[in-house]
Structures are given as structure tokens and as C-alpha cells.
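# Next comes the sequence, and after it the predicted model I'd like to discuss.
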Amino acid sequence: DPSAFFVDERGRVILARNEVLIADRAESQSISTPDKEPGKTRPVEEIPSVLAMSSGQRLVMDRKAKNVIRIGVDGRYVGNFLTNVNGEKLALNRLDDVAVIERDSKGITIADRDGKVLTKIAAKGANYQFDEPIDLTFDQLGHLYVLDRGKASVYVFNPKYKLISTFTIAQNNPGSFARAKAMAVDAAGRLYIFDERVKRIQVYQ
């Protein structure tokens, strides 16, 4: 089963499966990175998240090595983007800033397009505490949305990464999400949440 996907510069949906990126169920690219032994490479076996930057380069989460790597359009390794990051999901804003959920700390790291860390959102802050952050995304205005499966909540941070809103629906009420897995925001500001327990996508205005 695919572990992640993204839309490339040609409008194609690219699937990540084990060490391969697959386009249109036909064209595929094997993803590898330099190994510790000089001159050798190893496949990137587990890819929980991948995205395309405006430059065309892809950022690939290498869970085994706890790195985020850059690869070219041709699938070749370019270099490390972030190191020592046990990441869960990646998100990209219009400036090519990248947000990463860190599994160990349950916090979020934000880096610029060159991989320089700009700031971090701690797992606990004023008026919030992450329990199980599972996905994140940016809207058109640069707000960052963080989906917390443990709290069944969505936290919204402004472009300066200050919390401005929390969205929660009590369990057993219409629109509640019991086992949220993924999230997206469209150009109109509608929020989409996939609940894997009930196997449906719910839309919020």
C-alpha cells in the first residue's frame, strides 16, 4: 500500500511505496541515499511523507535514518535537507518553508527552503498541548493547521506560529472525528479530515 503521495509539477499524483516513487502506475523511480560505507548507497525503505518544492526538487522523509533528504526530478539524491529528525509528516507553504511533525518530541520544526531551522512549536504551549499530532498543512494565507488524533482537535497557528484557534467537536456529536488520520485545506478555506475508523472524509467550512 502507498505510504504517501504528492502532486508534481506536471499535475500527476506520485505515490510513495517502500523505496519507490510511482507516477501513473507505470513510471517509477527508486529512491536511495549514500550509505555509511563510502561509495555505497542504500534504499530509502520507509517513506512516511514526501512533497515537491517549487524548484521541482522533492523532499523525502527517510524514517530509518531520521533525515529529510532532497532528491531531483530524476529521483537522484541531491543532499540532506534536515538531519536527526524522526519525522511523521511534512507540509509546505507558498514560500517553500517546510513544517515537520517530530515523533519523539511531539513538536513541530519549521525550516526554510534551504533547510535552515526558523523556529519550533513545542508540544505544550499557551492554551494547547499536543497529544498525538498526526498531520499538518498550510492554507493560502500561511496559517498552519495541526491535526491531533489523540485530542481529536485541529490547532491553527498564524504565520508567526502563534496559536489563534482550536477546532474540536465533542465525540458522538455530528461532525466529530474519532480516529483522524489525514487533513487538507483547499483554496476556499474548507477543511477536510479523513477519519479511518468510519472510512470517510468530512468537510468543514
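Sure, I can see it. Computed from a predicted structure; not experimentally measured.

# When you work out contacts or count neighbours from here on, use the C-alpha atoms and nothing else.
Will do.

# Would you mind measuring from A170 to A178?
Using Cα to Cα, to the nearest Å, one gets 9 Å for the distance from A170 to A178.

# what about the two, which has more around it?
Neighbours were counted for A170 and for A178 using other Cα atoms under 10 Å; A178 has more, 19 against 12.

# Tell me if I'm right that the more buried one and F194 touch.
No. Counting by Cα atoms under 8 Å, F194 is not a contact partner of A178; they are 10.0 Å apart.

# looking at the sheet around S28, what are its partners?
Going by DSSP bridges, S28 is paired in beta bridges with I22.

# Quick check: the gap between the residue nearest the centre of the chain and D131.
The centre of the chain sits closest to L90, judged by Cα atoms, centre = their mean, with a distance of 2.3 Å. Distance, L90 to D131, using Cα to Cα: 18 Å.

# swap in E45?
27 Å.

# list the buried ones in stretch 124-138?
129-138 (16 or more other Cα atoms under 10 Å).

# residues in contact with the closest residue to A182 other than its chain neighbours?
Excluding its sequence neighbours, the residue lying closest to A182 (Cα to Cα, 6 or more residues apart in numbering) is F194, at 5.2 Å. The contact partners of F194, by Cα atoms under 8 Å, 6 or more residues apart in numbering, come to 180-183, 200-202.

# Need the three-state assignment for F194.
With DSSP: H, G, I helix; E, B strand; the rest coil as the basis, F194 sits in strand.

# E37 too?
With three-state DSSP as the basis, the three-state label of E37 is coil.

# Tell me how many other residues surround it.
8.

# Any regions of this protein where pLDDT drops low?
25-26 (pLDDT under 70).

# tell me the contacts of the residue nearest to L92 when sequence neighbours are not counted?
Nearest residue to L92 in three dimensions, chain neighbours excluded: V98, at 4.7 Å (Cα to Cα, 6+ apart). Contacts for V98 were tallied using Cα under 8 Å, 6+ apart; they are 90-92, 110-113.

# mind redoing it with 6 Å?
Neighbour list for V98: 91-92, 110-111 [criterion: Cα atoms under 6 Å, 6 or more residues apart in numbering].

# so it bridges to which residues?
L92, A111.

# Can you give me the distance of it to P34?
23 Å.

# May I ask you to confirm that S176 is in contact with I169?
Yes. In this structure, S176 is within contact of I169 by Cα atoms under 6 Å, at 5.0 Å.
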